[in-house]
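S.K.: for reference, the sequence and a predicted model appear below.
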Amino acid sequence: MQLVHEQPDFEFFLRGADGRSALVNDRRLEASFIVAPDRLLEAWPVTDVLAMQVADLDPLLALEPELVVLGCGGRQAFPPQAVLGACLSRGIGLEAMTNAAAARTYNVLAGEGRRVVAGFILG
């Protein structure tokens, strides 16, 4: 049996994530960050999904996504309604899930060539 190591068609690939860290390509991150297929923004100051403010979305929305995937940490949680509404009012979907699920979802969407941006809350 021949095994082939498949490389993604995008620059930043999530190899895994949990509530404390994430592996982006071969780099381990231990602070909240934002990732898009062609961009990695470290030191996103969000540490709690329940305390998110609309302004926390600014760096994600600046990347002009069609969908925002929000990794909320190790447990499922949802941001305040104002945060959800800020995306919906712009016609941008926002999906909140655990970091592990967000990493898988981001990779699938980026692999499909979608304009996805993901924010991962670590702490």
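M.R.: Good, I have the coordinates. Residues are numbered from 1 along each chain as shown.
S.K.: ok, and what's touching stretch 65-82?
M.R.: 17-20, 22, 36, 49-50, 52-54, 57, 60-61, 84, 87, 92-99, 101-103, 105-106, 109, 114-123 (C-beta atoms under 8 Å, 6 or more residues apart in numbering). No exception for glycine: its C-beta is placed from N, CA and C like everyone else's.
S.K.: ranges for the helices of this structure?
M.R.: 58-61, 81-88, 99-111 (DSSP state H).
S.K.: single out the most deeply packed of those.
M.R.: Of all these, helix 99-111 carries the top mean neighbour count, a mean of 20, counting by mean count of other C-beta atoms under 10 Å.
S.K.: against which helices or strands is that one packed?
M.R.: Applying 3 or more C-beta pairs under 8 Å, 6 or more residues apart in numbering; DSSP states H and E, we find helix 99-111 packed against strand 14-17, strand 67-71, strand 93-97, strand 116-120.
S.K.: save those as TSV, and put in mean neighbour count, mean pLDDT and distance to S32 too.
M.R.: TSV is the format used below for the helices and strands packed on helix 99-111 (neighbours: other C-beta atoms under 10 Å; pLDDT from 0 to 100; distance: least, C-beta to C-beta, whole Å):
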stretch	mean neighbour count	mean pLDDT	distance to S32
strand 14-17	19	94	11
strand 67-71	24	98	9
strand 93-97	18	97	14
strand 116-120	27	98	6
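S.K.: do you know which of those strands lies nearest A31?
M.R.: strand 116-120 (9.4 Å; C-beta to C-beta).
S.K.: name the helices or strands packed onto the closest one?
M.R.: If you count contacts as 3+ C-beta pairs under 8 Å, 6+ apart, strand 116-120 packs onto strand 33-36, strand 67-71, helix 99-111.
S.K.: the shortest one pairs with which strands, parallel or anti?
M.R.: Okay, so that is strand 33-36. Strand pairing for strand 33-36, using DSSP bridges, gives strand 39-42 (antiparallel), strand 116-120 (antiparallel).
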